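*Asks:* The sequence isn't on hand, but the structure is:
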């Protein structure tokens, strides 16, 4: 097997994604645009999106990273809007877009149109949250979008299976469809609940960070594959396990957390970059299959389906936002009265992505009777144009739209104050514990070392409060910023001496690695990345 195309894809997409960080354009959009352009460069091989690779090998780790970074408590607090979008909206979009496509495209059977509806129903997890992070959406809106994206793929895949069974002549019924949906939902969550406790126990009892991170890399694939074996939702199994592990990540030792964070950041970066580049690279493959529609009719169908997809989300989101408040006094009392702005942003953030394309490519060529699947190539084309249209149009306009609507972003001052209060409470507890330990003769320390422990604790407590105070007029730094910068420069000086001693053969490489590892941990403690 020739691995060069794969290496070129990974390397090229990583370079483009890195370059996007220096531009105002979100990385997913630049990657898709680059894929579209590069797909017509002579000599570039065809990159066909294989659903047997995307769904079991790429989707689970992306869902896992998104879920572990999500807040279980925030998602629970927003359960109603998340459920209405991830389940209600996806089913509504499946029927609405399917019915519209049935009316728009001549000779497209209703069952095949519903397959198209299910394919384009789920918004993409990565695209919306990537844009949301860059523009600083309110935390509630970000939580709703993240929660929707974690579950909606499961709904869409199940709806697709039911619609496909009807389209290929397997005699699907409403009762059978509802039963399959319940099996997928309950089975997926059930598998997650069964797996999460023993997996967490294993993570906390493995003593080596290397083994723990190896287990971490296997978790999403094991959860997905185990659930799919019994036709349950692998998506929900992965999300359930990941939410639990993320919620209890504090119980894992610090070395594992440091390694795990670095490993999963790298995995997510590579996969996300490659996935969006792959979307653009599908254009030649899609166009070659159009055949009779190359005259321009397909373009009109694409515009019509795209407009229906965009409008359908608005039609669902606004009633789903305001009707529950109108019907329930409890909701009115518990939640703030929403304006029209947040639902508008949520509606406009419905960008489609690689899951839609992967599902579309999994549509079989023929039905049970051996006849070709009706308008399969057209469905692929309409899916592709919907994905590209939403990513480009909505992705490019979402940041200026948010700025235009002047949605209140995250309150940095309030968040820093909450952090400072939390740190103060933790510091007081640590001081009490230190006094208890030092009162025991077995823990006796010379006064300079005991004072060092207290000074480190005091600096950690004061560092957050200093961010609320004044900055150095010459450098623009807080006292904590200056401390961390000087600490890093001192450590860099030590590091240079160790390397010089190694080069002079005064110490060997093994000792150098030990000394550098110690400095790395001190630098990690002295320097906190601003999030």
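*Replies:* Noted; the coordinates are in hand. Fair warning: this is a prediction, and the values are worked out from it, not measured in the lab.

*Asks:* Let me see the mean pLDDT of the helix or strand where residue 179 lies.
*Replies:* According to DSSP states H and E, residue 179 maps onto helix 174-205. Regarding helix 174-205, the rounded mean pLDDT is 87.

*Asks:* list the buried ones in that helix?
*Replies:* 177, 180-181, 183-185, 187-192, 194-196, 199-200, 203 (16 or more other CB atoms under 10 Å). From N, CA and C alone the C-beta is placed, and that goes for glycine too.

*Asks:* again with stretch 323-343
*Replies:* By 16+ other CB under 10 Å, the buried positions in stretch 323-343 come out as 324, 335, 341, 342, 343.

*Asks:* Quickly find the element holding residue 403.
*Replies:* Element membership of residue 403 [criterion: DSSP H and E] is helix 395-405.

*Asks:* helices and strands around that helix, which ones?
*Replies:* For helix 395-405, the packing partners by 3 or more CB pairs under 8 Å, 6 or more residues apart in numbering; DSSP states H and E come out as helix 27-38, helix 125-135, helix 341-348.

*Asks:* Report the inter-axis angle for the longest one versus helix 395-405.
*Replies:* Helix 27-38 and helix 395-405 are oriented at 150 degrees to each other (axes from the mean of the first three to the mean of the last three CA atoms, to 10 degrees).

*Asks:* pLDDT wise, what is residue 379 at?
*Replies:* According to the prediction, residue 379 has pLDDT 92.

*Asks:* Ok, the one 3 residues further on next?
*Replies:* For residue 382, the pLDDT comes out at 94.

*Asks:* Give me the spatial nearest neighbour of it, chain neighbours excluded.
*Replies:* Counting by CB to CB, 6 or more residues apart in numbering, residue 382 lies nearest to residue 305, which is 5.0 Å off, once chain neighbours are set aside.

*Asks:* Need the phi and psi values for the one you found.
*Replies:* Backbone geometry at residue 305, expressed as degrees, to the nearest 10, gives phi -60, psi -40.

*Asks:* Please apply the same query to residue 366.
*Replies:* Dihedral angles (degrees, to the nearest 10) for residue 366: phi -130, psi 160.

*Asks:* could you list every residue that touches residue 226?
*Replies:* With contacts defined as CB atoms under 8 Å, 6 or more residues apart in numbering, residue 226 is in contact with 191, 195, 234, 237.

*Asks:* So which of those is the closest to residue 362?
*Replies:* Sorting the contacts of residue 226 by how near they are to residue 362, with CB to CB, puts residue 234 at the top with 14.1 Å.

*Asks:* Hmm, residue 386 and residue 302 touching each other?
*Replies:* Yes - assessed by CB atoms under 8 Å, residue 302 is found in contact with residue 386 at 7.4 Å.

*Asks:* Between the two, which is the more surrounded one?
*Replies:* In terms of neighbours (other CB atoms under 10 Å), residue 386 is the more surrounded of residue 302 and residue 386; the figures are 25 against 20.

*Asks:* nearest residue to residue 343 other than its sequence neighbours?
*Replies:* residue 321 (4.5 Å).

*Asks:* what's the distance between the one you found and residue 437?
*Replies:* Here the distance between residue 321 and residue 437 works out to 53 Å (CB to CB, to the nearest Å).

*Asks:* between these two, which one's more packed in?
*Replies:* Counting neighbours by other CB under 10 Å for residue 321 and for residue 437 shows that residue 321 has the greater number, 20 against 13.

*Asks:* in which helix or strand would I find that one?
*Replies:* Assigning secondary structure by DSSP H and E places residue 321 in helix 297-327.

*Asks:* So which bits of that helix are buried?
*Replies:* Along helix 297-327, these residues count as buried under the neighbour rule (16+ other CB under 10 Å): 298, 301-302, 304-306, 308-310, 312-313, 315-317, 320-321, 324.

*Asks:* Show the subsequent helix or strand relative to the worst-scoring helix or strand of the chain on mean pLDDT.
*Replies:* The helix or strand with the lowest mean pLDDT-type score in the chain, counting by mean pLDDT, DSSP states H and E, is helix 125-135 (a mean of 64). For helix 125-135, the succeeding helix or strand toward the C-terminus, using DSSP H and E, is helix 139-167.

*Asks:* SS state for residue 445?
*Replies:* coil (DSSP: H, G, I helix; E, B strand; the rest coil).

*Asks:* Residue ranges in the stretch 51-200 of the chain under the pLDDT threshold?
*Replies:* For the stretch 51-200 of the chain, residues meeting the criterion pLDDT under 70 lie at 125-136, 169-176.

*Asks:* Am I right that residue 33 is in contact with residue 392?
*Replies:* Yes - the pair residue 33 and residue 392 passes the contact test of CB under 8 Å, sitting 7.5 Å apart.

*Asks:* Can you list the neighbours in contact with stretch 314-323?
*Replies:* Counting contacts by CB under 8 Å, 6+ apart, the residues outside stretch 314-323 that touch it are 81, 84-85, 88-89, 92-93, 96, 338, 340, 342-344, 346-347.

*Asks:* buried subset of the residues you listed?
*Replies:* For the contacts of stretch 314-323, a neighbour count by 16+ other CB under 10 Å gives the buried set as 81, 84, 85, 89, 92, 93, 96, 342, 343, 344, 346, 347.

*Asks:* residues in contact with the closest residue to residue 87 other than its chain neighbours?
*Replies:* Once its chain neighbours are removed from consideration, residue 87 has its nearest residue in residue 155; the separation is 5.2 Å (CB to CB, 6+ apart). With contacts defined as CB under 8 Å, 6+ apart, the neighbours of residue 155 are 86, 87, 90, 91, 121, 122, 181.
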